[in-house]
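[1] I'd like to go over a predicted model; first the sequence, then the structure.
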Amino acid sequence: MKNLLIKYKPIISYLVFGIFTTLINWGAYYLCYSIVTIPNIASTVIAWILAVSFAFITNKFWVFNSKALNKNVFIHELWTFIVARLTTGIIDVVIMYFAVDMFAMNSTIWKLISNIIVIIINYVLSKLIFLQNGNSDQSKN
């Protein structure tokens, strides 16, 4: 059992922090859209910015154990992470726009569906970003 936990630590960690990231995304979206009544797309973007900030820190240091603090490597990781998340952020915005604004579907349900799609894509992209230079403890496995 211990070997399985060690082997799948990045996936397990990603799922745990992904839940927290999703809660931040959902909570921020709900607060902005339903409580403060900020328009749908603006609420989605605000929620995305908060979730991506949290995700970068947790992915870098706890999920993929990137120890690289060299300025150039850190900036490269941050930049590529933001570009990857911007890509999936656009996917999130497009899904929410069509589901909520164009087809008047339930925003809460579609935020969940959108987040599931985005989480899967983000895992693959994050793994490529933080493990590409072999700067992670996980690259030794």
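    Perfect, thanks for sending it.

[2] Gly89: what's it in contact with?
    Shown in contact with Gly89 (C-beta atoms under 8 Å, 6 or more residues apart in numbering): Val45, Trp48, Val52, Val118. For glycine as for every other residue, the C-beta is placed from the backbone atoms N, C-alpha and C.

[3] name the helix or strand for Thr21, please.
    Taking DSSP states H and E as the definition, one finds Thr21 inside helix 9-30.

[4] residues in contact with that helix?
    Helix 9-30 has contacts (C-beta under 8 Å, 6+ apart) with 5, 43-44, 46-48, 50-51, 54-55, 58-59, 62-64, 108, 111-112, 115, 119, 122-123, 126-127, 138.

[5] filter these down to the buried ones, ChimeraX style.
    Command for ChimeraX, covering only those of the contacts of helix 9-30 found buried under the criterion 16 or more other C-beta atoms under 10 Å:
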select :43,44,46,47,48,50,51,54,55,58,59,63,64,111,115,119,122,123,126,127,138
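
[6] now, the contacts of helix 9-30 that are in helices?
    Cross-referencing the contacts of helix 9-30 against helices under DSSP state H gives 5, 43-44, 46-48, 50-51, 54-55, 58, 108, 111-112, 115, 119, 122-123, 126-127.

[7] contacting residues around the spatially closest residue to Asn59 that is not a sequence neighbour?
    Nearest residue to Asn59, sequence neighbours excluded (C-beta to C-beta, 6 or more residues apart in numbering): Ser126, at 4.9 Å. Shown in contact with Ser126 (C-beta under 8 Å, 6+ apart): Tyr14, Ala55, Asn59, Val63, Phe64, Phe81, Ala84.

[8] Gln56 reaches Phe81, doesn't it?
    To be clear, residue 56 is Phe; Gln isn't right here. Yes. If you go by C-beta atoms under 8 Å, Phe56 and Phe81 touch, sitting 5.2 Å apart.
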